[in-house]
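**Q** From the sequence below, what's the structure:
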Amino acid sequence: MNTIIIGNAISFAGAMLMVATGFLKTRKSILLTQCTMFGLMGTANIILGGMTGAVSSLVSIIRNLFCLRGPLTVPFKLFIIMIQLLLSARVNTLGWIGWLPIISACFYTWMIDVKDEIKLKKVLIIAQSMWLIYDLAIQNYVAFTFDIFTILSNMYGIVSLKASHKIRHNAA
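**A** Numbering: from 1, shown residues only. Modelled structure (predicted):
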């Protein structure tokens with residue numbers, strides 16, 4: 001079977017979870033759902049030849065699991081970012097495009113302790129925008145399409161959270 005079809009099929013399962021994160025409202029549920037998504041998307045990236053995307057996914061699972069235990073310290077964030085950069089420098093065969101998932105993951109790692117869910121969703125939108133370009137470049141058409149849906153679902157999540165905050169504020 002064609003690797004593009006196989007990679008995109010696996011990516012579809014991960015993409016469904018990626019979009020779902022836009023509708024989740026708690027930090028824990030977002031981070032746990034992302035771990036499963038990263039596993040599926042990392043596998044799809046390997047099949048499609050996107051090794052820096054696979055590295056980003058693997059390191060992101062580790063980061064999210066540690067983040068569930070509590071806020072990440074600055075030294076730990078720097079350690080995770082350094083691992084991302086070193087591993088990616090060794091496997092990147094796509095030039096500047098190959099760095100997009102790494103920049104995205106490093107940015108998200110630095111910002112992951114944002115307490116406000118609205119700000120976290122804004123971080124997700126920025127990070128996902130970088131994946132949008134990368135996924136198109138490695139022919140992960142399913143992920144590319146769902147990158148768009150994820151950006152839109154997080155925008156919806158922001159509007160929804162703001163509306164619920166406004167309702168609670170007005171009721172008080």
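
**Q** contacts, neighbours, all on C-alpha from now
**A** Fine.

**Q** Residue ranges in this protein under the pLDDT threshold?
**A** 1, 169, 171-172 (pLDDT under 70).

**Q** need the longest helix for it.
**A** Using DSSP state H, we find that the single longest helix of the chain is helix 141-171.

**Q** how much space between residue 100 and residue 71?
**A** 25 Å (C-alpha to C-alpha, to the nearest Å).

**Q** of these two, who's got more company?
**A** Legend: neighbour count by other C-alpha atoms under 10 Å for residue 100 and residue 71, higher for residue 100 (24 against 14).

**Q** and the closest residue in space to that one that isn't next to it in sequence, what does it touch?
**A** In space, and not counting its chain neighbours, residue 100 is closest to residue 130: 5.5 Å by C-alpha to C-alpha, 6 or more residues apart in numbering. Neighbouring residues of residue 130 by C-alpha atoms under 8 Å, 6 or more residues apart in numbering: 100-101, 103-104.

**Q** starting at the chain centroid, how far to the helix or strand where residue 130 lies?
**A** Here residue 130, judged by DSSP states H and E, is contained in helix 117-137. Helix 117-137 sits 7 Å away from the centroid of its parent chain (C-alpha atoms, centre = their mean, to the nearest Å).

**Q** list the buried ones in that helix?
**A** 117-118, 120-125, 127-135 (16 or more other C-alpha atoms under 10 Å).

**Q** got the angle between it and helix 141-171?
**A** In terms of direction (axes from the mean of the first three to the mean of the last three C-alpha atoms, to 10 degrees), helix 117-137 departs from helix 141-171 by 170 degrees.

**Q** Residue 51: what's it in contact with?
**A** Residue 51 touches 45, 88, 91-93, counting by C-alpha under 8 Å, 6+ apart.

**Q** CA atoms of the helix holding residue 130 as PDB?
**A** What follows is helix 117-137, C-alpha atoms only, in PDB (Å, rounded to 0.1, in the frame of the first residue of the first chain):
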ATOM      1  CA  GLU A 117      -7.100  28.400  29.100                       C
ATOM      2  CA  ILE A 118      -7.700  31.200  26.700                       C
ATOM      3  CA  LYS A 119      -4.000  32.100  26.500                       C
ATOM      4  CA  LEU A 120      -3.200  28.400  26.200                       C
ATOM      5  CA  LYS A 121      -5.600  28.100  23.200                       C
ATOM      6  CA  LYS A 122      -3.800  31.200  21.600                       C
ATOM      7  CA  VAL A 123      -0.500  29.400  22.100                       C
ATOM      8  CA  LEU A 124      -2.000  26.300  20.400                       C
ATOM      9  CA  ILE A 125      -3.200  28.400  17.400                       C
ATOM     10  CA  ILE A 126       0.300  29.800  16.900                       C
ATOM     11  CA  ALA A 127       2.000  26.400  17.300                       C
ATOM     12  CA  GLN A 128      -0.500  24.700  14.900                       C
ATOM     13  CA  SER A 129       0.000  27.300  12.300                       C
ATOM     14  CA  MET A 130       3.600  26.100  11.900                       C
ATOM     15  CA  TRP A 131       2.500  22.500  11.600                       C
ATOM     16  CA  LEU A 132       0.100  23.600   8.800                       C
ATOM     17  CA  ILE A 133       3.100  24.500   6.500                       C
ATOM     18  CA  TYR A 134       5.100  21.400   7.600                       C
ATOM     19  CA  ASP A 135       2.200  18.900   7.000                       C
ATOM     20  CA  LEU A 136       1.600  20.300   3.500                       C
ATOM     21  CA  ALA A 137       5.300  19.900   2.700                       C
END
